[in-house]
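> Sequence first, predicted model second:
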Amino acid sequence: MALAFLAAKRSKDPSTQVGACIVDKNNKVVGLGYNGFPIGCSDEEFPWRKGGKTDLDSKYMYVCHAEMNAILNKITADVTGCTMFVALFPCAECAKIIIQSRISTVVYMSDKHASKNETIASKRMLDAAGIKYRRHIPREKKIVIDFDDVDWSGMSQVPQSPVKN
Ligand SMILES: Nc1ccn([C@H]2C[C@H](O)[C@@H](COP(=O)(O)O)O2)c(=O)n1
Ligand SMILES: [Zn+2]
């Protein structure tokens, strides 16, 4: 789940950054994704706003969800039986992709849209397909990555600040 949250940091969405991480039966990471516009659709040209005059003026028409990107970014031929860790409960569209990719378990952090039809439909499909889902209970309250804490001695290239990621 921490990797899903780290991936989310790369999202350019100014209001909601979502990340997803897929692991296989041995907990090996096989896919990572975050919400973003499709390849070739510039973050500067396409709208990141939530509303506008029409649907064409807001992000919703264009953004690829973290779950979809994690599946499309998979490094294995297929993700049958894998587990997806995701920051937000998957929407109905992502549930369809999760089901069709044969992921067997979804572990989510937040279910803040639980009362929306989108989420109700998602759960209906996941239930029908026999896909398990559960909320993540973090073991650690905090995970901090502090580059100033790293002992760079013995490393050939010590980064000059600012550190690029
Ligand atoms: N399961 C989800 C839910 C949402 N997203 C993305 C889609 C948008 O970029 C953002 C939601 O925007 P908001 O309505 O909170 O302004 O999160 C996703 O990737 N996966
Ligand atoms: Zn979605």
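Looks like it arrived, so ask away. Ligands and ions are numbered 1, 2, ... in the order given.
> Residue numbers of this structure in contact with ligand 2?
Proximity of the chain to ligand 2 (C-beta under 5 Å from the ion) is limited to residues H65, C91, C94. Every residue, glycine included, has its C-beta placed from N, CA and C.
> The residues you listed: which ones sit near ligand 1?
Counting by C-beta under 6 Å from any ligand atom, H65, C91, C94 from these sit close to ligand 1.
> Compute the distance between the first one and V86, please.
In other words, H65. Noted for H65: a distance of 9 Å to V86, by C-beta to C-beta, to the nearest Å.
> so what sits against both of these two?
Residues touching both H65 and V86 (C-beta atoms under 8 Å, 6 or more residues apart in numbering) are V18.
> So between the two, which is more surrounded?
Neighbour totals were compared for H65 and V86, and V86 leads with 29 against 21 (other C-beta atoms under 10 Å).
> Check the more buried one and give its pLDDT.
Reading off the confidence values, V86 has pLDDT 98.
> In which helix or strand does it reside?
strand 83-88 (DSSP states H and E).
> cool, C94 as well?
For C94, the enclosing helix or strand under DSSP H and E is helix 92-100.
> I'd assumed F5 was in a helix, is it?
Yes: residue state for F5 (DSSP: H, G, I helix; E, B strand; the rest coil) corresponds to a helix.
> Up against ligand 1, what does the protein have?
Going by C-beta under 6 Å from any ligand atom, the residues of the chain near ligand 1 are 13, 15-16, 18, 35, 50, 59, 63, 65-67, 88, 90-91, 94.
> picking that back up, tell me the angle the strand holding V86 makes with helix 92-100.
170 degrees (axes from the mean of the first three to the mean of the last three C-alpha atoms, to 10 degrees).
> Tell me which other helices or strands strand 83-88 touches.
helix 2-8, strand 19-23, helix 66-72, strand 105-110 (3 or more C-beta pairs under 8 Å, 6 or more residues apart in numbering; DSSP states H and E).
> and that strand, how far from the chain's centre?
Taking the mean of its C-alpha atoms, strand 83-88 sits 7 Å from the chain's own mean (C-alpha atoms, centre = their mean, to the nearest Å).
> So which residues make contact with it?
Contacts of strand 83-88 with the rest of the structure, by C-beta under 8 Å, 6+ apart, involve 1, 3-5, 8, 16-23, 66-67, 70, 90, 98, 103-113, 136.
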